[in-house]
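Student: Sequence plus the predicted model coming up.
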Amino acid sequence: MARGRDMQEVELLDGDEDVTEQPVPPARSRRRLWWIPAGAVAVALSLIGTQLVLDARENAAVARLAALPGVFPPIGDELVVVRAIPPTDAYNFWGALELGGTRTAGLMVAPDGSQSLDAVDLRTGEAFWSTPLVGPNADRAVSRADSYGGTCQGDGAWGEPATVAVCLATDGFVRYEDGGTEERFPATSSRVVVLDLDDGHVITEWVVEGDPQLVLVGDLAVVGSRDAERGVVVVAHDVLTGDEEWRYEKPVGAGAHGPPDQYWGLITAGDAVGLDDGDGLVLLSSTGSLIRDDLRAATRGGYFATDPVTGTLELTSYAGTGKRTTTLLARDADPADDVVLRGEPVEMTVDDGSLPGVVLTSLSHAYAWDRETGEQLWEADVQPNSNALVVRGRVYLTTSTEILALDGRSGEVVWRTQLPASGAGALATDGRDLLLLSTGYDSGEEGGMTGYDLATGHETRTVRYPAGVSDVQMLHGLLVGWSYTTEELTFLE
């Protein structure tokens, strides 16, 4: 039976016995036609997803960096003044205790010369509480902006909010005058007052004698006094009870010590107490025994300070050769654990912990050292200015002509760029950019910030300071502006 279009004619040719029917190519599937654009979309979506992951990681890294002490708040295209405080209140602001966010507690001197510990929000000026410490004082009233007396110290570690304040409430103070001269007003009444920083209530207090010095070491409030009759007396008290824990006395004639009107003081040195008795530094143990009397010569020919991060003592001296060396003391001040480094410390204003145990010094070149062993890790042929930052395994610093990023593990230069016309200044970061701070002087030259990409060193932006602001720095969670002409402080955003 005929099959119509199911039948096909086939022509057989000689020698083509194996030729078979050639099938008609099938129509291309519509699904297959869509494969190419669908694949392109998938690739695009994959790229977008990858970028979103990278952006999320970058944002998380920026957020972690932004939470570190010393990191600036986010900087936009301009800075504006949100509040200003007068010179009479500005001095005590620098030593205020951080309570979290922009809240602080600072020792304030009122117009009548009385003193109190006041908790405020620095950004808004809102007051939370005020605890009186010392009554009115006519002499202090006329010297509010150029005098110093009394102090409050907190129990918080570096970059962490304090919960307890230990205050030296005294009517003794020093008035500073033009030309560097000073006038001393001896104390007639002094107390140590311990306060809860949640609401300002007094936990305990006790009377102390003479013109005392105060330092907080662990859970001890250490108070020292010195006069021509008794010599030096240092007493450690339990912070929360005021009970005496130990006493160290150095009578007049028992050894070298400076005259009563010469500077002296107490400092924290890890678990030890540093006593600068006017003739160099000695160290007392956490139980009050004299453990280091071998540092006098070195401290006379140099300077010393407590590392804000570790709480340990750093001592820089000429070592009798004219070449600076830095000695890092162990927390317990054991001489066997001293680490001596070439050069003087480079201030690390931001350290994200990506180079643990690394210390930087400068002496014509930059040096990196292992804090524990004193082993030199690298040397770079650059001479740092001012300060440095450690961010994501790199060291950022300036020289007299350049800004540089160094690999923190090798010291190799990652990138370098010339300083702008405004010249060298301190370095900072807001988490996204490296910021060079340039000072505006009273000659009318404007100050401002120049931003650089942390990865490449390419310039990203320039932000001028508001009128009347000479320079800025980060303190208590805010940008603080100061002026060469007005002496007032401004808070910027």
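Tutor: Ah, there it is.

Student: Backbone torsions only: list them for the nearest residue to Asp155 once chain neighbours are set aside.
Tutor: Distances taken as C-beta to C-beta, 6 or more residues apart in numbering place Val164 nearest to Asp155, at 4.7 Å, with adjacent residues excluded. For glycine as for every other residue, the C-beta is placed from the backbone atoms N, C-alpha and C. Dihedral pair for Val164: phi -130, psi 140, per degrees, to the nearest 10.

Student: The closest residue to Asp351 other than its chain neighbours: neighbour count?
Tutor: The shortest distance from Asp351 to any non-neighbouring residue, by C-beta to C-beta, 6+ apart, is to Val390 (4.6 Å). Applying other C-beta atoms under 10 Å, we find 22 residues neighbouring Val390.

Student: Remind me which helix or strand Val390 belongs to.
Tutor: strand 385-391 (DSSP states H and E).

Student: burial of Gly302, as a residue count?
Tutor: Neighbours around Gly302, by other C-beta under 10 Å: 17.

Student: neighbouring contacts of the strand holding Val390?
Tutor: Residues from elsewhere that reach strand 385-391 (C-beta atoms under 8 Å, 6 or more residues apart in numbering): 65, 346-355, 358, 360, 395-400, 408, 424-429, 434, 454.

Student: just how off-centre is it within its chain?
Tutor: Relative to the centre of its chain, strand 385-391 is centred 11 Å away, using C-alpha atoms, centre = their mean, to the nearest Å.

Student: other SSEs contacting whichever helix or strand comes after it?
Tutor: The first helix or strand that comes after strand 385-391 along the chain, using DSSP H and E, is strand 394-398. Judged by 3 or more C-beta pairs under 8 Å, 6 or more residues apart in numbering; DSSP states H and E, strand 394-398 is in contact with strand 365-370, strand 385-391, strand 402-407, strand 427-429.

Student: and with 6 Å instead?
Tutor: strand 385-391, strand 402-407 (3 or more C-beta pairs under 6 Å, 6 or more residues apart in numbering; DSSP states H and E).

Student: a markdown table please, covering those and showing mean pLDDT and distance to Val207.
Tutor: What follows is those, written out as a markdown table (pLDDT from 0 to 100; distance: least, C-beta to C-beta, whole Å):
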| stretch | mean pLDDT | distance to Val207 |
| --- | --- | --- |
| strand 385-391 | 92 | 42 |
| strand 402-407 | 97 | 54 |
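
Student: Low-confidence bits of the stretch 1-150 of the chain, can you list those?
Tutor: Judged by pLDDT under 70, the stretch 1-150 of the chain has its weakly predicted residues at 1-59.

Student: what sits up against whichever strand or helix holds Ser362?
Tutor: In this structure, Ser362 sits in strand 358-363 according to DSSP H and E. Strand 358-363 has contacts (C-beta atoms under 6 Å, 6 or more residues apart in numbering) with 324, 326, 341-343, 345-346, 367-369, 371, 384, 388.

Student: avg pLDDT for that strand?
Tutor: Here strand 358-363 scores 95 as its mean pLDDT.

Student: Same check on stretch 172-180?
Tutor: 84.

Student: Could you do stretch 433-450 as well?
Tutor: Stretch 433-450 shows a mean pLDDT of 83 in the predicted model.

Student: Repeat that for stretch 274-284.
Tutor: Rounded mean pLDDT across stretch 274-284 is 86.

Student: Endpoints of it, how far apart?
Tutor: When the termini of stretch 274-284 are compared using C-alpha to C-alpha, to the nearest Å, they are 6 Å apart.

Student: same deal with stretch 326-334?
Tutor: Termini of stretch 326-334 sit 16 Å apart (C-alpha to C-alpha).

Student: Please tell me how far that stretch is from the chain's geometric centre.
Tutor: On C-alpha atoms, centre = their mean, the centre of stretch 326-334 falls 21 Å from the chain's centre.

Student: same check, this time on stretch 235-246
Tutor: Its chain's average C-alpha position is 30 Å from that of stretch 235-246, according to C-alpha atoms, centre = their mean.

Student: Could you do stretch 395-407 as well?
Tutor: Mean C-alpha position of stretch 395-407 versus that of the full chain (C-alpha atoms, centre = their mean) differs by 19 Å.

Student: who touches it?
Tutor: If you take C-beta under 6 Å, 6+ apart as the criterion, stretch 395-407 is touched by 380, 382-385, 388-389, 394, 408, 413-417, 419, 424, 427, 434.

Student: swap the cut-off to 8 Å and go again
Tutor: Stretch 395-407 has contacts (C-beta under 8 Å, 6+ apart) with 346, 355, 360, 366, 368, 380, 382-390, 393-394, 408, 412-419, 424-425, 427, 429, 434, 436, 452, 454, 457.

Student: Can I get the helices and strands packed on strand 394-398 in a markdown table including distance to Pro212?
Tutor: Formatted as a markdown table, these follow (distance: least, C-beta to C-beta, whole Å):
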| stretch | distance to Pro212 |
| --- | --- |
| strand 385-391 | 34 |
| strand 402-407 | 45 |
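
Student: list the buried ones in stretch 119-134?
Tutor: 119-120, 122-123, 129, 131, 133-134 (16 or more other C-beta atoms under 10 Å).

Student: If Val232 is in a bridge, with which residues?
Tutor: Beta-bridge pairing for Val232 (DSSP bridges): Arg226, Lys250.

Student: What is the burial count for it?
Tutor: Neighbours of Val232 (other C-beta under 10 Å): 22.

Student: Could you list which residues are in contact with it?
Tutor: With contact set as C-beta under 8 Å, 6+ apart, Val232 has these partners: 224-226, 248-250, 257, 264, 275, 277.

Student: Could you tell me how many residues sit around the residue nearest to Asp155?
Tutor: The burial count for Val164: 19, using other C-beta under 10 Å.

Student: Wait, it touches Val193, no?
Tutor: No: in this structure Val164 lies outside contact range of Val193 using C-beta atoms under 8 Å: 11.1 Å.

Student: Sticking with the nearest residue to Ala127 once chain neighbours are set aside, tell me its helix or strand.
Tutor: Residue nearest to Ala127 in three dimensions, not counting chain neighbours: Val120, with 5.2 Å by C-beta to C-beta, 6+ apart. Using DSSP H and E, Val120 falls within strand 115-121.

Student: Look at Gly411 and give its secondary structure.
Tutor: The assignment at Gly411 comes out as coil when based on DSSP: H, G, I helix; E, B strand; the rest coil.

Student: before we move on, what about Ala145?
Tutor: When the rule is three-state DSSP, Ala145 gets the label helix.

Student: Would you confirm that it contacts Pro87?
Tutor: Yes: contact criterion C-beta under 8 Å: Ala145 and Pro87 qualify, at 4.6 Å.

Student: any shared contact partners between the two?
Tutor: Glu487.

Student: got the buried residues for stretch 384-393?
Tutor: The neighbour-count check on stretch 384-393 (16+ other C-beta under 10 Å) flags 384-385, 387-391 as buried.

Student: Then stretch 184-202?
Tutor: For stretch 184-202, burial by neighbour count (16+ other C-beta under 10 Å) applies to 185, 187, 190, 192-195, 197, 200.

Student: quick check, nearest of the contacts of Val232 to Asp471?
Tutor: Relative to Asp471, the closest of the contacts of Val232 is Trp264; by C-beta to C-beta it sits at 32.4 Å.

Student: nearest residue to that closest one other than its sequence neighbours?
Tutor: Nearest residue to Trp264 in three dimensions, chain neighbours excluded: Gly278, at 4.7 Å (C-beta to C-beta, 6+ apart).

Student: Across the sheet, point out what pairs with Gly481.
Tutor: Beta-bridge partners of Gly481, as defined by DSSP bridges: Val472, Thr490.

Student: Was I right to think it contacts Asp471?
Tutor: Yes: contact between Gly481 and Asp471 holds when scored by C-beta under 8 Å: they sit 7.2 Å apart.
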